[in-house]
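*Asks:* dropping a prediction and its sequence here:
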Amino acid sequence: MRNNDDFFDKNVIAIMKLIEKNNFSVEIVGGAVRDYILSLKDSKIKSNNIDFDLATNASTEEIKKIFIDHKLILDGEKFGTVKVLLDEKLYEITTYRIDGSYRDKRRPERVYFTNEIKNDLSRRDFTINAIAMKSDREVIDFFGGMDDIENKIIRCVGNPEERFEEDYLRMFRAIRFAVSLNFNIHEETSNAIKSIVNNRKELFNLISNERKYKELKIILREDAIRGFQLLREHGLAWRILPLKKQTSLKQLEDLIENLIRGFEIESDWYVKMGLIGYGMESILGRKEGQKLFTKYLIDLSFPKIEREYILNLLEYQELPPSIMIENPDEKLLLKWMRDYEKKFVYNNSHELKKNIFRNYLQFQ
């Protein structure tokens, strides 16, 4: 196994050394540790855009004293978090804590601070995200996360039903991690998802739209075929599509099957979203399907530019050559649009043309 010292942001190590110099413990926690361990075997995994979160036994007051000469953001102080600004980047430092009850199925109503890193790691979702690392690269792993990374397994920390009841989005995150890391979901974790889905019909409404959008987008980007197969297997595919009241279970199953076949052909995530819209139109009719799909994109908090782009693709039902998506060229794209206008006439064709062109460039 190779070394990968370049993985860590130099500011992270400097922050840790300063905290340690003041006789406090501090560790990198969460996804950054997971990705570092994965990077030791796969050089393609980089630390670009990775957030380095730190956990410590120092209180927020003590952290503020240590970093008194730095710009601090204190909006998370209630939950034990102080953000330090270094080189125009924020670094979160959070006091070890235990979470209280999750009545809103997203955030704990209150937190309790602790001196033990084990207590802090025990509240996390999956074992692969419950590993901590010291500044000297010493790994702290109480819950078998290293073994699960080695064996490519997504497993909850502790009781899986309790972890999912705390935050229903974790069920979608289990699918997302399985897809993005090419891991398998542990049997007990998988069974817990199925049990909750069967007994908590309201669960999808308790997940914020922004969080659903993020998970769906990652699944479509990484491996939509396996993602939707896992969503279907766990009863979550029906929770992602807004058709249940209008359609029979057989129609939904046929739609998922057709989407998976379509995903085998299309590679771009936004085209795959268009396929979902097309599937709605095929079941409900063009007018009703498009109306519901538009509402669906709005409800999921898709940014306006993405929403317009996907709806335009659905309206045209034809795409420019893939070379224009991979290497956008203004002259080629405008020529394709002129040729395309010969086939279709719209009252707002000029405006639509400008919008599509603008969106293509902004999506690169």
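*Replies:* In hand now; what should we look at? Numbering: from 1, shown residues only.
*Asks:* from Leu231, how far off is the spatially most central residue of the chain?
*Replies:* Closest to where the C-alpha atoms of the chain average out (Cα atoms, centre = their mean) is Glu215, at 4.1 Å. Applying Cβ to Cβ, to the nearest Å, the value for Glu215 to Leu231 is 10 Å. Every residue, glycine included, has its C-beta placed from N, CA and C.
*Asks:* find the residues that touch each one of those two.
*Replies:* Common neighbours of Glu215 and Leu231, using Cβ atoms under 8 Å, 6 or more residues apart in numbering, are Ile175.
*Asks:* next one: Leu236 relative to Arg163, how far apart?
*Replies:* Applying Cβ to Cβ to Leu236 and Arg163 gives a distance of 16 Å.
*Asks:* go on, Tyr36?
*Replies:* For Tyr36 relative to Arg163 (Cβ to Cβ), the value is 23 Å.
*Asks:* now swap in Asn205 and tell me
*Replies:* Taking Cβ to Cβ, one finds Asn205 at 20 Å from Arg163.
*Asks:* with Leu18 instead?
*Replies:* 33 Å.
*Asks:* who's more crowded, those two?
*Replies:* Arg163 (20 against 15; other Cβ atoms under 10 Å).
*Asks:* enumerate every residue touching the more buried one.
*Replies:* When contacts are counted by Cβ under 8 Å, 6+ apart, Arg163 touches 125, 156-157, 170, 192.
*Asks:* how about these in JSON lines, adding pLDDT, neighbour count and secondary structure?
*Replies:* Listed next are those as JSON lines, based on pLDDT from 0 to 100; neighbours: other Cβ atoms under 10 Å; DSSP: H, G, I helix; E, B strand; the rest coil:
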{"residue": "Asp125", "pLDDT": "95", "neighbour count": "21", "secondary structure": "coil"}
{"residue": "Cys156", "pLDDT": "98", "neighbour count": "24", "secondary structure": "strand"}
{"residue": "Val157", "pLDDT": "97", "neighbour count": "21", "secondary structure": "coil"}
{"residue": "Arg170", "pLDDT": "93", "neighbour count": "22", "secondary structure": "helix"}
{"residue": "Ala192", "pLDDT": "97", "neighbour count": "24", "secondary structure": "helix"}
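*Asks:* possible to save those residues as a markdown table with distance to Phe183?
*Replies:* Output for these, formatted as a markdown table (distance: Cβ to Cβ, whole Å):
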| residue | distance to Phe183 |
| --- | --- |
| Asp125 | 14 |
| Cys156 | 13 |
| Val157 | 15 |
| Arg170 | 15 |
| Ala192 | 16 |
